[in-house]
Structure formats: C-alpha cells, structure tokens
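Student: can you look at this prediction? I've put the sequence above it.
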Amino acid sequence: MEPMDIVGKSKEDASLPKATMTKIIKEMLPPDVRVARDTQDLLIECCVEFINLVSSESNEVCSREDKRTIAPEHVLRALEVLGFGEYIEEVYSAYEQHRLETMQDSLRGGKWNNGVEMSEEEAAAEQQRMFAEARARMNGEAIPPKQQPETDPSLES
C-alpha cells in the first residue's frame, strides 16, 4: 500500500507533472548545465512540499478570518507569515498578470470574439510568447510588448 502524505491522497496524487517541472527546471538553468534525474525528483518534491506548506498556512489565515474560501490575499499573508515576504510583490505582480491574461482570454474565447478562433500556429506562438514573458519575469528582465498579429487585408471588409 502506498504511503499517504496528504489527507486522503497518495504521494503520487499530490505531485506535479514531471515533464512540465523538468522543462521549467531546464529553462531556469544555463544550457550547459545538466541536472541528474534524482535531483530533478528532489526539486519536484520540494515544490510539492512548498505548495503544501503555503496551502496549509493559507487555510489557517482564511480560518482565522472566519472565511470558507481561500482568497489570493490569504496566500499573500501566508507567504508573509512563513517568512517569504520578500517575494510578495513579485507574486502579486504575477497574479495580476494572470488575471489580465485570463480576462483577455475569456473575452477572446467568449461571446465577444465574433466567431474568430486562433489557428494552431497562432496558439503555439502565443503560448511561446507567454512562456518567454514568464521566464523574463522570473529572471527580472524587461518584458517585450505584446505585438498585435498582422491581419490579412483580403479578409477585411
């Protein structure tokens, strides 16, 4: 029987996608640096533990306020309580960026998109742009402005 680390969840259920985490780890390091597989596994476990710690403390903050839903403010307060206050500004900035992108995506994907959908190539390019922005934010670099896609003049009426 598998050990239960988190209430009602097996250790495997409470993990992060290995391929995604491996990609993130490799993107954060110089290209000439290799990471042993057991080191990648350790980093992934550390990430899971960090998420569990922040989630647990966020729940405590939420409970102290007699709330039933953990809000972003509870997570920010939890980071402060846990001694990660120096990251709050960066986390909040990433959260705001996420909110803006989510709002834009819902406007594009909802009833306001006038039936226009992204091609697979456009979606892949947009995904790569968002990855580049995330890397730039994590590395403290300037984020290039989002370029508007060129429109085909023959499609305009």
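Tutor: The structure has been received and is ready for your questions.

Student: what's the helix ranked longest in the chain packed up against?
Tutor: Using DSSP state H, we find that the single longest helix of the chain is helix 37-64. Under the contact criterion of 3 or more C-beta pairs under 8 Å, 6 or more residues apart in numbering; DSSP states H and E, helix 37-64 touches helix 18-28, helix 72-81. Where you see a C-beta, it was placed from the backbone N, CA and C, and this is true even at glycine.

Student: contact partners of the shortest one?
Tutor: Contacts made with helix 72-81 from outside it, assessed by C-beta atoms under 8 Å, 6 or more residues apart in numbering, are listed as 54, 57-62, 65, 67, 85, 87-88, 91-92, 95.

Student: who are the packing partners of the helix or strand just after that helix?
Tutor: Using DSSP states H and E, the helix or strand that follows helix 72-81 in sequence is helix 88-109. If contacts are counted by 3+ C-beta pairs under 8 Å, 6+ apart, helix 88-109 sits against helix 72-81, helix 120-138.

Student: for this structure, which spans come out with low pLDDT?
Tutor: 1-13, 107-116, 142-157 (pLDDT under 70).

Student: tell me which of the helices and strands packed on helix 88-109 is the most buried.
Tutor: helix 72-81 (a mean of 18; mean count of other C-beta atoms under 10 Å).

Student: report the angle between that helix and helix 37-64.
Tutor: For helix 72-81 against helix 37-64, the angle by axes from the mean of the first three to the mean of the last three C-alpha atoms, to 10 degrees is 110 degrees.

Student: that concludes my questions; thank you for your assistance.
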